[in-house]
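Undergrad: Here is a sequence together with a model predicted from it:
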Amino acid sequence: YKRKLANPETFRATTVPSKPSRPLQVIVIGAGPAGLSAARQLHDSGISVLVLEARDRLGGRVHTKAFPAKSLGAAAGHARGARTPHGTGDVNQRQSLPPANLDLGASYIHGCAPGNPAYDLAKACGIKFETRGGGYSEGWGMNGTWYDVATRRVIPWEDVYAAFRVLERVMAQMRQNAREIEAQHASAGGDEDPDDQPLANAFEVALDQVMKADIGKPLTDVQMRVLESAKVVSWAYVGGMSELSFLANRGLTAEDLQDTDESDYSDASDDEPSIDRAKQARDAPSLDNGGEAAADGTERKRAPDGLVVEGYGQVIHALGDGLHVITEAVVSKVTRFHRGGSTMCKVTTRDGRSFISEYVVCTLPLGVLKGLSSESSVSFDPPLSASKIDAIKHLGMGVENKVILRFAKPFWPHSVSARRSKAYIQCTDQRFRFVDMHKFGKEGTLVAHVCPPFSHDYDRMSDEEVVSEVLRVLGRMFPDVPGLGDNPTTLQG
């Protein structure tokens, strides 16, 4: 189906205030992507459905903000001692930054291939997304430009390649170690999954095994710094590796191992791959259009990620179009009761409203289900089953955040040519990685993706302190980074 898209400013107006014309069959709690997807399927199947959302908008962790044009003043574009930047035009003459739609939350479609519901919906609605540079999963790997904050230099690609070659070998070794753990557990007659361990421990064991093997000379200091940051973008972007499960992150439960081909756990090759072949694959035009290459230069089969250029809110708008949604409805209790010969559900909100339906689909965030805040906790009568409570208890959650910075002009290399500069910028400060949104038409915009522990800590900092820290790190990567008062900057996330 084809749906007309609206400006993000109108996303709140996608609800239909009229009441259903027939008895309500299903209430969906939560108007994030999961809740709206469920409601969309039900609605399009002819089922009467109501969505209750606690916020004053749709989308949950998807939130596209329309940044207005911003005046730069008389000294527009001039940072102290600034040099003429790479790229196009004389931006020093610009008097304002143009408006821009930017995502404060989710901004990627992961796996741009038919069969992915988000991808299929985006294609059907004509939503534009970019797979250039490999997207989220690969863009910050070998495809990106790496900077060493210890030396203030661009890291030669050969050093990045060497680090990622070791990373691939470590991953293969971790998989082999998991297979051996599973085999030992099975031979001992264990019925359940084997004992787990922190991912950090499993990585260090495998790294030690790899480094003791015959792989040539050891990694240099800068290559080790790349490897440490590569661990973050591979696993620890929402939580430290000491907090992550080895078996869960590798998908290595007993059932997964039985269904996995033996060759998947072998090393990529017994022969050292050609670095020239890998570099050629990295620089090939097909890579910049969504293709991906492994460290040995071969093409990966996994579909690329797509950056939704004008905001993921377009997907939310398409999902919510025509649905009956009530916003600012903070659910406090879900009750199952019997009426006549039927089992019914009552959903109660904190302001005393009640809604009756035959079924309830609950898409509440994990933090709400865990009851982390008394202001948002929801009770169930009868209580949830022991298995559900146990699953909620043991599921972990983390934080990846963003800092959106808009400058009068880019101080980083920003040529539109893929061969001259990359949209994805990495550094050896494990807390940060950056997307050059100027490359995607968002003038003067750089987005920092922030990993733990800083993504947890900056809730206790002022906006100025957070922006200053990001600028300090950028100053270890680029010359002529403006100070906090030199250019208009914006903190969002």
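TA: Everything's here; your move.

Undergrad: now the helices: where do they sit in the stretch 351-493 of the chain?
TA: Per DSSP state H, counting those that start in this stretch, the stretch 351-493 of the chain carries helices over the ranges 366-369, 386-394, 454-457, 463-475.

Undergrad: quick one: which of the ones you listed is nearest Ala178?
TA: helix 386-394 (19.5 Å; Cβ to Cβ). C-beta: built from backbone N, CA, C; applies to glycine.

Undergrad: Put the alpha carbons of that closest one into CSV.
TA: What follows is helix 386-394, C-alpha atoms only, in CSV (Å, rounded to 0.1, in the frame of the first residue of the first chain):
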residue,chain,number,x,y,z
ALA,A,386,6.4,-17.2,36.7
SER,A,387,8.1,-17.8,33.4
LYS,A,388,7.3,-14.3,32.2
ILE,A,389,8.5,-12.7,35.4
ASP,A,390,11.7,-14.7,35.3
ALA,A,391,12.3,-13.6,31.7
ILE,A,392,11.7,-10.0,32.5
LYS,A,393,14.0,-10.2,35.5
HIS,A,394,16.9,-11.7,33.6
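
Undergrad: Quick one: the strands in the stretch 1-150 of the chain, in order.
TA: For the stretch 1-150 of the chain, strands defined by DSSP state E, counting those that start in this stretch occupy the ranges 26-29, 49-52, 64-67, 70-71, 96-97, 100-103, 108-109, 129-130, 145-148.

Undergrad: tell me what the fifth one is packed against?
TA: In terms of contacts (3 or more Cβ pairs under 8 Å, 6 or more residues apart in numbering; DSSP states H and E), strand 96-97 is packed against strand 70-71.

Undergrad: hey, which helix or strand in the protein has the poorest pLDDT?
TA: Sorting the helices and strands of the chain by mean pLDDT, DSSP states H and E puts helix 285-288 at the bottom, at a mean of 35.

Undergrad: before we move on, the earlier item: mean pLDDT for the helices of the stretch 351-493 of the chain: which is lowest?
TA: Of all the helices of the stretch 351-493 of the chain, helix 454-457 carries the lowest average pLDDT, namely a mean of 76.

Undergrad: State the distance from Asp148 to Cys427.
TA: Using Cβ to Cβ, to the nearest Å, one obtains 7 Å as the distance from Asp148 to Cys427.

Undergrad: Of these two, which one has the most company?
TA: Cys427 (25 against 21; other Cβ atoms under 10 Å).

Undergrad: With Val166 as the reference, name the closest of the helices of the stretch 351-493 of the chain.
TA: From the helices of the stretch 351-493 of the chain, taking Cβ to Cβ, the stretch that ends up closest is helix 463-475, at 24.8 Å.

Undergrad: Go through the helix ranked longest in the chain and flag the buried ones.
TA: In the chain, taking DSSP state H as the definition, the longest helix is helix 157-187. Within helix 157-187, the residues that count as buried by 16 or more other Cβ atoms under 10 Å are 157, 159-175, 177-178, 181-182, 185.

Undergrad: Which elements pack onto that helix?
TA: Applying 3+ Cβ pairs under 8 Å, 6+ apart, one finds that helix 157-187 makes contact with strand 145-148, helix 199-212, helix 221-234, helix 246-250, helix 254-258, helix 275-283.

Undergrad: Who are the packing partners of the first one?
TA: What that stands for is strand 145-148. strand 153-154, helix 157-187, helix 221-234, strand 424-427.

Undergrad: what's the closest of those to Arg339?
TA: Of all these, the one in closest proximity to Arg339, counting by Cβ to Cβ, is helix 157-187 (49.7 Å).

Undergrad: wait, isn't Ser48 in contact with Ala39?
TA: No. With contact defined as Cβ atoms under 8 Å, Ser48 does not count as touching Ala39 (10.8 Å).

Undergrad: Would you reformat the helices and strands packed on strand 145-148 as JSON lines and include mean pLDDT?
TA: Shown next, in JSON lines, are those (pLDDT from 0 to 100):
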{"stretch": "strand 153-154", "mean pLDDT": "94"}
{"stretch": "helix 157-187", "mean pLDDT": "88"}
{"stretch": "helix 221-234", "mean pLDDT": "93"}
{"stretch": "strand 424-427", "mean pLDDT": "94"}
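
Undergrad: Export these as TSV, with columns for distance to Val330.
TA: Listed next are those as TSV, based on distance: least, Cβ to Cβ, whole Å:
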stretch	distance to Val330
strand 153-154	49
helix 157-187	43
helix 221-234	35
strand 424-427	38
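
Undergrad: out of those, nearest to His449?
TA: helix 221-234 (9.0 Å).

Undergrad: The closest one versus helix 157-187: what angle between them?
TA: 50 degrees (axes from the mean of the first three to the mean of the last three Cα atoms, to 10 degrees).

Undergrad: buried ones in helix 221-234?
TA: Buried residues in helix 221-234, defined by neighbour count with 16+ other Cβ under 10 Å: 222-223, 225-227, 229-234.

Undergrad: for stretch 32-40, same thing?
TA: Under 16+ other Cβ under 10 Å, the buried positions of stretch 32-40 are 32-40.

Undergrad: Could you tell me which of those residues are located in helices?
TA: Secondary structure from DSSP H places 33-40 of these in helices.

Undergrad: Could you export those residues as CSV, including pLDDT and distance to Val473?
TA: Shown next, in CSV, are those (pLDDT from 0 to 100; distance: Cβ to Cβ, whole Å):
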residue, pLDDT, distance to Val473
Pro33, 93, 31
Ala34, 95, 34
Gly35, 97, 37
Leu36, 96, 36
Ser37, 94, 37
Ala38, 96, 41
Ala39, 97, 42
Arg40, 95, 41
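
Undergrad: Using JSON lines, lay out the helices of the stretch 351-493 of the chain together with mean neighbour count and distance to Met437.
TA: Below are those laid out as JSON lines (neighbours: other Cβ atoms under 10 Å; distance: least, Cβ to Cβ, whole Å):
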{"stretch": "helix 366-369", "mean neighbour count": "16", "distance to Met437": "29"}
{"stretch": "helix 386-394", "mean neighbour count": "11", "distance to Met437": "36"}
{"stretch": "helix 454-457", "mean neighbour count": "18", "distance to Met437": "19"}
{"stretch": "helix 463-475", "mean neighbour count": "17", "distance to Met437": "14"}
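
Undergrad: shaky segments in the protein?
TA: 1-23, 73-94, 190-194, 214-216, 249-301, 415-421, 484-493 (pLDDT under 70).

Undergrad: Need the outlier residue of it, farthest from its centre.
TA: Within the chain, the residue lying farthest from the chain centre (Cα atoms, centre = their mean) is Gly340, at 47.2 Å.

Undergrad: And that residue, its phi and psi?
TA: Dihedral angles phi and psi of Gly340 (degrees, to the nearest 10) take the values phi 70, psi -130.

Undergrad: Run through the residues that contact it.
TA: Contact analysis of Gly340 by Cβ atoms under 8 Å, 6 or more residues apart in numbering lists nothing.

Undergrad: just checking, Thr64 touches Val309?
TA: No. In this structure Thr64 lies outside contact range of Val309 using Cβ under 8 Å: 10.9 Å.
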